[in-house]
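**Student:** predicted structure and sequence below. I'll ask about it afterward.
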Amino acid sequence: MFADVYNKTTEGTDLGEKIAVSMRNITKTFGSVVANKDVSIDIRHGEILSLLGENGSGKTTLMNMLSGIYYPDSGSIFVDGKEVSIKSPKDAYNLGIGMIHQHFKLVDVFTAAENIVLGLKEKGSINIKRIAEKVNEICSKYGFEIDPYEKVYNMSVSQKQTLEIIKVLYRGANILILDEPTAVLTPQETEKLFDVIRSMRKDGKSIIIITHKLHEVLRVSDRVTVLRKGEYVGTVDTKDATELSLTEMMVGKKISLDIERPEPDDPKPRIKVDNLSCINSAGIKALDNISFTAYSGEILGIAGISGCGQKELLESIAGLQKTLPGSSIVYTEPETGEEKQLIGKTPKQISSLGISLSFVPEDRLGMGLVGSMGMTDNMMLKSYKNEGFFFTQRKKPRALAEKVKDELEVVTPSLQTPVRRLSGGNVQKVLVGREISSSPTVLMTAYAVRGLDINTSYTIYHLLNEQKKKGVAVIYVGEDLDVLLELCDRILVLCEGKLNGIAEGRKTTKEEVGLLMTNLQNGGDTDEQK
Amino acid sequence: MTLSSFISLFQAAIVFGTVIMFGSIGETLTEKSGNLNLGVPGVMYLGGIAGLVSVFFYEKYTPEPNQLICVILALASSFAAAALGGLIYSFLTITLRANQNVTGLTLTIFGTGVANFLGGSLNKLAGGVGQISVPYTSDAFKFQIFGSLSSSSFGKLFLSYGWMVYLAIIIAVVMQIFLSKTRKGLNLRAVGENPATADAAGINVTKYKYSATCIGCGIVGFGGLFYVMDYIGGTWANDGSIESLGWLAVALVIFTTWKSANSIWGAYLFGLLYWMFYYIEGLTRSSQEIFKMLPYVVTILVLIIISFRKKKENQGPQSLGLSYFREER
Amino acid sequence: MSKNKSSVKEPLLRIAKRDSIEAYKAWGIRAAVLIAALIICGFIIFFITDLNPFKVYISMFKGNFGTTRRIWQLLRDMAMLLCIGLGLAPAFKMRFWNIGAEGQILAGGLATAACMIYLNSLPNYLLLIIMFVTSIIAGALWGLIPTIFKAKFNTNETLFTLMMNYVAIQLTSYFVALWENPYGSNTVGIINPATKAGWLPSVFGQQSFLNVAIVLLLTVIMYFYLKYSKQGYEISVVGESENTARYAGINVKKVIIRTMLISGAVCGLAGFLAVSGASHTISTSTAGGKGFTAIIVTWLAKFNPVVMILITFIITFLDRGAVQIASDFNLNEYVSNIITGIILFFILGSEFFINYKIIFRSKKQEVIK
């Protein structure tokens, strides 16, 4: 039966010989979420294939099934024309498939050589010299540079990536999957990586690059396969593609969502960010000289591929992220017009300045809420200090929990039930409900509707609009462009930690924002006053 | 200090050190797999009593006990009983994912109980405390392989010990080589550092954790056996010394920064520090006790220094004390 | 075709985390495990001693409840263990592994004994107040040392507090030798036997009454502290996630240090009760391993002081019962460690079935979150 399918897709193209891997009708679900639906792709020998798609389009999931991390619900995989079943990373290695994950799987205190031979069933004891020889052989063949005796914790991100690639090649991989390989690299390092990839192609290896950076796709790959929302969109030859055509494939046609968008009423500067830069916990410059202003009574959208500095931006404003010297975040008091500098302040100090700043973080249960506590106790997370002397006062939080439960229709067995046990949508309602209840002047939300159903999403949009009408400066970090385009007054686009442009929500197009997200302008734009 | 008193201090330190050296080598192996086993004292007890009980009955019911059989029997039963303790710990912490610290402490309670219960019963059988004797076995354990060379000062310092002293050194070296040079050792260290990475590299995390913990406990058990057979000469004392030696072994693992070769000098150093008071003149009995504090104080200093300097090679395994559940990625 | 194939590949047993379990089910599992453990212990007793396990259990019961005196001894021992458990609860709730209760108890006990020896001319009420305060301060300081290093350099607190126990034991040996009475006995002997200076007074004719009353009061205080005070709330937040604590504007280091001061102080108080309220002497076995046992109490009770009463009861009951068996059947009293150990193993193991569920292979495909 699958043989038929297989023949059909390769029919007439006469590529049966050239195809290294073929994935047919792959479906994978996680609970109720469909990550991949009936996806079929082919990878030929000696080619570089880009797998393109937005966040959550199912690229990584699809490749994880090829590398043995996940097992597909249905569908089949052929390697060199033979049907195979890949149950573990080991099976994948045995078939010559190796994947370089976005989060490297390396042991920090080991040397490069030790990481390379980890788990291998070679005979005899570890002969570091022989390993080093073989590593050097691989290196000179493809143009790598690595010191086999170097410890991983001393390595730069790009060295670690090189090590991962060598590890895969050492195991004899012919099919290499690279997940967002350039996300952490400098332009020069990216250039070097592409040279390596090209020389591997020359050697007859097949390379799949998971990415969302259009200019890189166009520069390095032979063909592009596009996924959108877990489904296969199409495959084109790179020479026939342009940034615009790929963006259209990636984002799809504009879908009307009918989200209300009232005109901002008397916008005034509320938060002014100047030259904001920071280095995140991974040691990467996550924000690079960002400047913009958020106004009262407007929703400022922040778009960008995930991990481009959104988290650090919001946390800097909330007082949770250390910033580099020269950064400035000035808050303007709505009543008096008094200006207050937020840099260097802890969340506690910010609130004792009388600033009511609400923040719905991305990690709801790891940062915004205490998973083991019920709704009542979570309601007082930020306010417990202000009430009572020694003992906590639960009367107001309980009333608030009651109110949030009724107004936002939170489904929970009781107010004491640990919020960890609630569904994702209800957890988010609890968090947003609490943050709105403190009558903020600034409301920041990160991926507020991620994982929520349609109805809950609309409830959240409605809540944000209500805040906007009250004159709150709302900052909305989102990933769904359709929503950003209909909800936000202005959309600030981040790309690799830089501000890549600010689009007018009412005028811009999906393609324009999409291009800003994936294509870094020279140095990035700065905020022009509107 | 005269030469002869120095020699006897040195000898006391080496014999004392050997008990905790076995303990620390075994615990190092266990901790390298990511399991922090606080059941070392209990395991040491189990190893000690099992060896004693088995040879006690062998000598009692055999007209002419063979010393080789005595030794093999003692070693085997000691290793088996201690490894069984490790198996209980492994099953609870690895398979059932119980908390490692709490499980380890329970294992200490359990091992202490079993050993002293059996030891007490054995005492009764033998006719009173201190009446147990296993002459053939303790003779065999006290056998000095370099005995003929031990008349000079050098000989007295280095060659005048029962063979288990040298066995401990050999195991320490072999363990160091195993951990740093072999493939299995590399894989094991990866399991303790980062089980998710090890898993992705095709290493069977559960198997490695079980084996390292059980074998490690078996070696810890030798410490108890050496204490019973050599240190106190083949009898049983319900005085809790094994327990404090067990904790000292845990301290030694930190002191050696998880490198078993260091335990060769580290253990003897602990022994020197512990017995030093005995040879310093003019100490009152109370100030002697302050000296016995030294091994622990030194360990604390080492602990502070390694956390302060943050040198990665000297830290314990990164996921020490955590249980691994693959689906929690 | 592929459907069949993939279900064959699914493993026979899989383990998944449970989202939740009804309280009655959880307690049902624990009760069943406890009964199973007792039955197994019965078999073990039967095999190694040939005794009728029922007789043994009856003897245990009598050992605990046979006479008023025994009941008071049970209560006194429970109070001691519970007091230490109460001290550990805030630290463990904050996920701070305070293995150092033994040392903190000894520090408190030493301070108490020192006051009794050197200040015995003071009026008794004043002496008791000074003893109470110094023991608390001593315990708190002993707990503070590793905590400062934890807060500053992130030094491993499990191993540090463990080592501090042995430093405290040697310190105790030092003072025992210093205060030795009579000379050569290597014990301190009963302190102030004639004047009873610094002894907690008997109330209603019961020497242990105050011990029990103080610990009961402390249980109530700790219950309210952890559950209803702002500081207790902060402890819960820090224990759950330091990120959340920072988000909520909590000074994490301050909370860690404050909580460990409390933890050490209560353990120091346990030392005071042990010396002033029970033994009236000090030795290296004043803590007697209870600092370790209390960790298990706290952990199994999930830091809830009320549940801790139940767990201390089970453990103390076994302990005292075993002493009774030992004397009734001419066994040695270490049998209590064996039984306690086995029962704790079972209870520890049972948590797995509460937190995880085992999924047998079925036609339905796996669901991973």
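**Tutor:** Received, thanks.

**Student:** who touches residue 259 in this structure?
**Tutor:** Using chain A. A:458, A:461, A:483, A:486-487 (CB atoms under 8 Å, 6 or more residues apart in numbering or on different chains). Quick note: C-beta positions are derived from backbone N, CA and C, even for glycine.

**Student:** switch to chain B, please.
**Tutor:** Neighbours of residue B:259 in contact, by CB under 8 Å, 6+ apart: B:28, B:176.

**Student:** check which helix or strand covers it.
**Tutor:** Assigned by DSSP states H and E, residue B:259 belongs to no helix or strand.

**Student:** residue A:271 should be in a strand, yeah?
**Tutor:** Yes - checked against DSSP: H, G, I helix; E, B strand; the rest coil, residue A:271 lies within a strand.

**Student:** closest to chain B among the contacts of residue A:259?
**Tutor:** residue A:483 (28.3 Å; CB to the nearest CB).

**Student:** the lengthiest helix in chain C packs against which elements?
**Tutor:** Counting residues, the longest helix found in chain C (DSSP state H) is helix C:124-153. Applying 3 or more CB pairs under 8 Å, 6 or more residues apart in numbering or on different chains; DSSP states H and E, we find helix C:124-153 packed against helix B:294-309, helix C:101-118, helix C:157-179, helix C:252-274.

**Student:** where's residue B:144, which helix or strand?
**Tutor:** Counting by DSSP H and E, residue B:144 is part of no helix or strand.

**Student:** residue C:45: how many residues sit nearby?
**Tutor:** Each residue near residue C:45 was counted by other CB atoms under 10 Å in any protein chain shown, and the total is 22.

**Student:** that older thread, out of the helices and strands packed on helix C:124-153, which is closest to residue B:153?
**Tutor:** Among those, helix B:294-309 comes nearest to residue B:153, with 25.9 Å by CB to CB.

**Student:** check the secondary structure at the residue of the stretch 51-200 of chain A found nearest chain B for me.
**Tutor:** Chain B sits closest to residue A:119 of the stretch 51-200 of chain A, with a gap of 3.3 Å, by CB to the nearest CB. Recorded secondary structure, residue A:119: coil (three-state DSSP).

**Student:** pull the number of nearby residues for it.
**Tutor:** Other residues close to residue A:119 by other CB under 10 Å number 22.

**Student:** any idea how far it lies from residue B:317?
**Tutor:** 17 Å (CB to CB, to the nearest Å).

**Student:** assign the residue in the stretch 201-350 of chain A positioned nearest to chain B to helix, strand or coil.
**Tutor:** For the stretch 201-350 of chain A, the residue closest to chain B is residue A:283, as judged by CB to the nearest CB, at 14.5 Å. What three-state DSSP gives for residue A:283 is coil.

**Student:** also residue C:332?
**Tutor:** coil.

**Student:** for the closest residue to residue A:458 other than its chain neighbours, what are phi and psi?
**Tutor:** Using CB to CB, 6 or more residues apart in numbering or on different chains and skipping residues adjacent in sequence, the residue nearest residue A:458 is residue A:259, 7.5 Å away. Main-chain dihedrals, residue A:259, degrees, to the nearest 10: phi -90, psi 140.

**Student:** same thing with the one 4 residues further on?
**Tutor:** Recorded main-chain torsions at residue A:263 are phi -70, psi 140, according to degrees, to the nearest 10.

**Student:** ok, back up a step: for chain A, which of the helices and strands packed on helix C:124-153 is the nearest?
**Tutor:** Closest among the helices and strands packed on helix C:124-153, using CB to the nearest CB: helix C:252-274, at 10.9 Å.

**Student:** just the mean pLDDT for the following helix or strand past the closest one, thanks.
**Tutor:** Scanning forward in sequence from helix C:252-274 by DSSP H and E, the next helix or strand is helix C:290-300. Averaged across helix C:290-300, pLDDT comes to 88.

**Student:** is helix C:290-300 anywhere near chain B?
**Tutor:** Yes - on the criterion CB under 8 Å from any CB of the partner chain, helix C:290-300 is in touch with chain B at C:292-293, C:295-296, C:299-300.

**Student:** quick one: buried ones out of the residues you listed?
**Tutor:** C:292-293, C:295-296, C:299-300 (16 or more other CB atoms under 10 Å in any protein chain shown).

**Student:** which residue does chain C have closest to chain A?
**Tutor:** For chain C, CB to the nearest CB, closest residue to chain A: residue C:249, 3.6 Å.

**Student:** how about low-confidence regions in chain C?
**Tutor:** Counting by pLDDT under 70, the ranges of chain C that qualify are C:1-21, C:359-369.

**Student:** in the longest helix of chain C, what's buried?
**Tutor:** C:127-128, C:130-132, C:134-147, C:149-151, C:153.

**Student:** up against chain A, what does the stretch 101-250 of chain B have?
**Tutor:** B:181-183, B:186-187, B:189-190, B:193-194, B:196-198, B:200-203.

**Student:** still on that earlier bit, now the residue of the stretch 51-200 of chain A closest to chain B. Nearest residue, chain neighbours left out?
**Tutor:** That would be residue B:201: by CB to CB, 6+ apart, it lies 3.3 Å from residue A:119.

**Student:** same deal with residue B:178?
**Tutor:** With CB to CB, 6+ apart, the residue lying closest to residue B:178 is residue B:185, at 4.6 Å.

**Student:** check contacts around the one you found.
**Tutor:** By CB under 8 Å, 6+ apart, the neighbours of residue B:185 are B:177-179.
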